[in-house]
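In: I would like the atomic coordinates for the input below:
(one chain, ligands or ions: 1)
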Amino acid sequence: MTSGAMLPGRLTTRPSGRPEGAAAVVIGGGLAGTTAALALADAGLRVTLVEARPRLGGLVFSFRRDSAAGELTVDNGQHVYLRCCTAYGTHLGRIGADGLVPLQDRMDVPVLDADGMRLGRLRRTALPVPLHLARSLALYPHLSPAERAGVVRATLALKGLDPADPALDGVDFGSWLRRHGQSPRAVEALWDLVGIATLNATAGDASLGLAAKVFKTGLLSAPGAADIGWSRVPLGAVHDTLAGTALRKAGVRISLRTRAGAVSRADGSWQVAVENGPHGRETLTADTVVLAVPQREAHALLPDGALPAKDRLLDIGTAPILNLHVVYDRKVLRRPFFAAVGSPVQWVFDRTDASGLAGGGQYLAVSQSAAQEEIDHPVATLRARYLPELERLLPAARGARIRDFFVTRERTATFAPAPGVGRLRPAARTQAPGLFLAGAWTATGWPATMESAVRSGTAAAREALTELGFPQGQLPQEAA
Ligand SMILES: Cc1cc2nc3c(=O)[nH]c(=O)nc-3n(C[C@H](O)[C@H](O)[C@H](O)COP(=O)(O)OP(=O)(O)OC[C@H]3O[C@@H](n4cnc5c(N)ncnc54)[C@H](O)[C@@H]3O)c2cc1C
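Out: Presented below is the predicted three-dimensional model:
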């Protein structure tokens with residue numbers, strides 16, 4: 001079926017000078033798109049959100065699995081955030097998810113060394129920065145006293161860096177750490193422990209600018225900045241169900257299973273050609289379009305001339321994340337999560353309650369970032385490698401029966417935070433009036449996180465509303 005323009009896209013101007021009745025189409029229902037759509041609808045625009053998949057949330061989603069262990073609700077991958085992710089925190093409040101994704105009272109990360117079976121804690125105190133970590137570092141058993149002193153010196157050097165300095169973008173973090181006296185052990189047991197999970201790259205593969213952003217913001221901006229939060233319910237309950245409810249309440253028309261195929265300009269409006277299986281094709285007309293899709297899709301949809309060097313988007317690489325899901329017949333882990341060193345295992349989370357596991361036992365999700373080497377390994381190979389590792393780390397797992405083992409693979413989980421990526425990331429505003437970009441991969445200054453996605457959605461909405469003539473005071477607030 002082909003229908004004509006659905007949205008008249010007529011602008012009228014109030015005596016206040018604020019236009020109302022403008023129509024916006026947001027393409028992509030991930031966190032960037034849902035944030036942008038909410039902000040535009042809150043400002044009074046008539047918003048249509050089109051999403052190719054049958055659900056909202058993009059890379060943050062859950063699915064049902066009928067398994068040997070019964071029916072489970074599974075997240076595609078463990079997602080955590082930090083207290084310094086203020087935009088994401090605000091977004092959770094806006095969609096009514098307060099309390100479902102709580103933060104620790106105080107950062108406390110158990111770090112288990114598989115070789116010596118020693119438990120360390122990265123735990124902050126209430127002291128001001130940087131003393132809040134001093135005690136924890138002084139007692140951290142996975143580094144020698146000399147390595148700990150070296151970490152302090154490197155941290156002070158990091159403090160002096162400006163993450164937005166373009167010169168840092170071209171340098172890799174690993175070389176910088178080496179130049180600042182960090183041993184391979186210090187890189188493994190501290191810098192990469194945090195960096196791989198937040199950047200989705202090892203230090204050697206990460207831009208110094210992005211690494212400086214992560215470590216300065218997380219560890220040096222405020223004592224509580226690195227307090228960790230994660231969802232106690234399935235991700236889909238937050239970023240699909242609750243986000244959908246908030247969008248509908250705000251008046252957003254949501255079109256799921258609807259793929260945008262082309263964006264073009266005609267008769268002073270934007271035309272978005274969309275295809276929705278059973279309903280066929282239609283063309284949406286809008287004053288404002290936000291492309292909140294991954295960089296490759298954005299490249300395909302952007303009309304010529306909208307970006308000065310559109311092909312540079314194709315140079316932004318991607319990086320995979322692998323999650324191994326293990327259901328034991330008994331409780332093998334007492335803590336909600338831990339990180340490991342001296343083992344291929346990176347971070348392990350207890351997902352028992354959120355998954356709805358019935359019949360006893362415990363469900364652990366093993367989250368493996370920067371998983372280029374293993375992302376395509378067969379399940380049997382991963383099982384043979386990781387189950388013994390978990391037994392090494394968790395003595396209680398040694399006699400346990402495995403009720404279920406499965407794998408989720410996200411091959412393009414994030415953009416690759418490689419040196420030089422900063423100059424490839426475009427801002428929200430394009431050269432085409434009324435056409436804006438959003439997505440974790442755009443120029444937010446943050447690595448590919450939920451925080452970056454939400455910030456990008458807000459930035460795109462701010463730019464769009466500014467262009468439509470909304471006064472500064474009525475724009476969505478940027479996060480601090
Ligand atoms: C396994 C995994 C673990 C992660 N862990 C963390 C973590 O712990 N903490 C953290 O902060 N971040 C984490 N991330 C990263 C985070 O999930 C992403 O950075 C963020 O969700 C990206 O949001 P987005 O809206 O920019 O993009 P996406 O989520 O990719 O959304 C883009 C949407 O556009 C849709 N789309 C594409 N093309 C079209 C089209 N032509 N028409 C219509 N719709 C289209 C897609 O279907 C998709 O829904 C993780 C990611 C993965 C995969």
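In: which SSE is residue 262 in?
Out: Taking DSSP states H and E as the criterion, residue 262 maps to strand 259-266.
In: so which residues make contact with that strand?
Out: By Cβ atoms under 8 Å, 6 or more residues apart in numbering, the surrounding residues in contact with strand 259-266 are 25, 27, 50, 52, 270-276, 281, 289, 291, 293, 301-303, 432, 435. Bear in mind the C-beta positions are built from the backbone N, C-alpha and C, glycine included.
In: partner strands of the helix or strand following it, with direction?
Out: Next helix or strand after strand 259-266 toward the C-terminus (DSSP H and E): strand 269-276. Under the criterion DSSP bridges, strand 269-276 sits next to strand 259-266 (antiparallel), strand 280-286 (antiparallel) in its sheet.
In: how about residues contacting strand 269-276?
Out: In contact with strand 269-276 (Cβ under 8 Å, 6+ apart) are residues 5, 9, 25, 27, 50, 255, 257-265, 281-289, 434-435.
In: and the residues you listed near the ligand, which?
Out: Among these, the residues lying close to the ligand (Cβ under 6 Å from any ligand atom) are 27, 50, 259-260.
In: if we can go back for a sec, filter the contacts of strand 269-276 to the buried ones?
Out: 5, 9, 25, 27, 50, 255, 258-260, 263, 265, 282-289, 434-435 (16 or more other Cβ atoms under 10 Å).
In: that older thread, output the strands paired with strand 269-276 as CSV; include the columns mean pLDDT.
Out: Shown next, in CSV, are these (pLDDT from 0 to 100):
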stretch, mean pLDDT
strand 259-266, 97
strand 280-286, 96
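In: those strands: which one's closest to residue 81?
Out: Each of the strands paired with strand 269-276 has some distance to residue 81 by Cβ to Cβ; the shortest is strand 259-266, at 28.6 Å.
In: can you give me how far the closest one is from the chain middle?
Out: Distance of strand 259-266 from the chain centroid (Cα atoms, centre = their mean, to the nearest Å) equals 27 Å.
In: enumerate the residues of this protein near the ligand.
Out: The chain comes close to the ligand at residues 27-33, 50-53, 58-60, 76-77, 79-81, 259-260, 292-294, 297, 321, 323, 410, 413-414, 439-440, 448-451, 453, as judged by Cβ under 6 Å from any ligand atom.
In: so of these, which ones are in helices?
Out: 31-33, 297, 450-451, 453 (DSSP state H).
In: now the two most distant members of these.
Out: Going by Cβ to Cβ, the pair spanning these furthest: 297 and 451, at 21.2 Å.
In: so what's the residue count around residue 36?
Out: 36 (other Cβ atoms under 10 Å).
In: enumerate every residue touching it.
Out: By Cβ under 8 Å, 6+ apart, the neighbours of residue 36 are 26, 290, 292, 436, 438, 457-458, 460-461, 464.
In: if we go to 6 Å?
Out: Contacts here follow Cβ atoms under 6 Å, 6 or more residues apart in numbering; on that basis residue 36 touches 26, 290, 292, 438, 457, 460-461.
In: tell me which element it falls in.
Out: Assessed by DSSP H and E, residue 36 sits inside helix 31-42.
In: CA atoms only: put that helix into PDB for me.
Out: What follows is helix 31-42, C-alpha atoms only, in PDB (Å, rounded to 0.1, in the frame of the first residue of the first chain):
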ATOM      1  CA  LEU A  31      17.700   5.400  23.600                       C
ATOM      2  CA  ALA A  32      18.800   8.300  21.400                       C
ATOM      3  CA  GLY A  33      15.600   8.200  19.400                       C
ATOM      4  CA  THR A  34      13.300   7.800  22.400                       C
ATOM      5  CA  THR A  35      15.000  10.700  24.200                       C
ATOM      6  CA  ALA A  36      14.700  13.000  21.100                       C
ATOM      7  CA  ALA A  37      11.100  12.000  20.500                       C
ATOM      8  CA  LEU A  38      10.100  12.700  24.100                       C
ATOM      9  CA  ALA A  39      11.900  16.100  24.200                       C
ATOM     10  CA  LEU A  40      10.300  17.200  20.900                       C
ATOM     11  CA  ALA A  41       6.800  16.000  22.000                       C
ATOM     12  CA  ASP A  42       7.300  17.700  25.400                       C
END
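In: by neighbours, which of the ones in helices among the residues of the chain next to the ligand wins?
Out: Of all those, residue 32 has the most neighbours under the rule other Cβ under 10 Å, reaching 34 neighbours.
In: now do the contacts for it.
Out: Residue 32 makes contact with 292, 438-439, 453, 456-457, according to Cβ under 6 Å, 6+ apart.
In: buried residues, the strand of greatest length in the chain. List them.
Out: What stands out as the longest strand in the chain, according to DSSP state E, is strand 402-415. Across strand 402-415, burial judged by 16+ other Cβ under 10 Å covers 402-410, 413-415.
In: residue 408 and residue 76 touch, don't they?
Out: Yes - with contacts counted by Cβ atoms under 6 Å, residue 408 reaches residue 76, the gap being 5.2 Å.
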